[in-house]
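Trainee: task: produce atomic coordinates for the following.
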Amino acid sequence: MFFGVCFLKRSFAITSSDFVQVDPTHWVLDLRQLVGPNFYEVRDICLFLPSGSGIDEASALSLYIQAGSGPWEYRGCVCRPRPSEVFPLQWPLSAGDPGMAAQIGVTLEPLAKAAQREELVAGSKEDFAKRVAVDLFRFMESFHDTNTGASVSQLGGSLVIPADCLDKWFTKFQHKFRRDPEFLTRQTNTL
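Mentor: Here you go, the predicted structure:
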């Protein structure tokens, strides 16, 4: 076994020998054959290197997904210093089509190339944090002075909010997130 994956709460370990090896550095797994037409309900995957894996210090195994005929999308990588990781699959919105193909791809590539992709992922996480902050700000901005009817912008730029504002926002955020875990990643407007 060169590597393995596990779909959290959905599967036992699946080894590299269960994948179709396309060439010496690429493996593909048809997810629909494994979990059926509701593949898009599989939200997380763990990619791991077994003890004594043949991967060298200068290489990484990168994980990709493909839904339908769409492009392969990078999700993360593992390497000797970090031999396992859990990645959100984040299927595209169109992935709900029951007739659509879904594949997991694993690629052996230089660690430097994977590190460049990881920098982009880190930037995406920073963007996600910014989107959470924007959501909170917009929620706080919705409060106004009920005595004078003045909006936040008419109070000299000061933001006057109720003491329990964070609790109210977090409750609202949890409800939105449970309904649609991708709602923040689809938003395009920021501050």
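
Trainee: any idea which helix or strand in this protein has the lowest mean pLDDT?
Mentor: Lowest mean confidence among the helices and strands of the chain (mean pLDDT, DSSP states H and E): helix 183-186, at a mean of 64.

Trainee: can you show me the helices along the protein?
Mentor: 31-35, 111-141, 165-179, 183-186 (DSSP state H).

Trainee: looking at these, spot the one closest to Pro50.
Mentor: helix 111-141 (18.4 Å; C-beta to C-beta). Bear in mind the C-beta positions are built from the backbone N, C-alpha and C, glycine included.

Trainee: tell me what the closest one is packed against?
Mentor: strand 59-67, strand 73-78, helix 165-179, helix 183-186 (3 or more C-beta pairs under 8 Å, 6 or more residues apart in numbering; DSSP states H and E).

Trainee: one more time with 6 Å
Mentor: Counting contacts by 3 or more C-beta pairs under 6 Å, 6 or more residues apart in numbering; DSSP states H and E, helix 111-141 is packed against strand 59-67, helix 165-179.

Trainee: how distant is the first one from the center of its chain?
Mentor: Once both centres are worked out by C-alpha atoms, centre = their mean, to the nearest Å, strand 59-67 turns out to sit 13 Å from its chain's centre.
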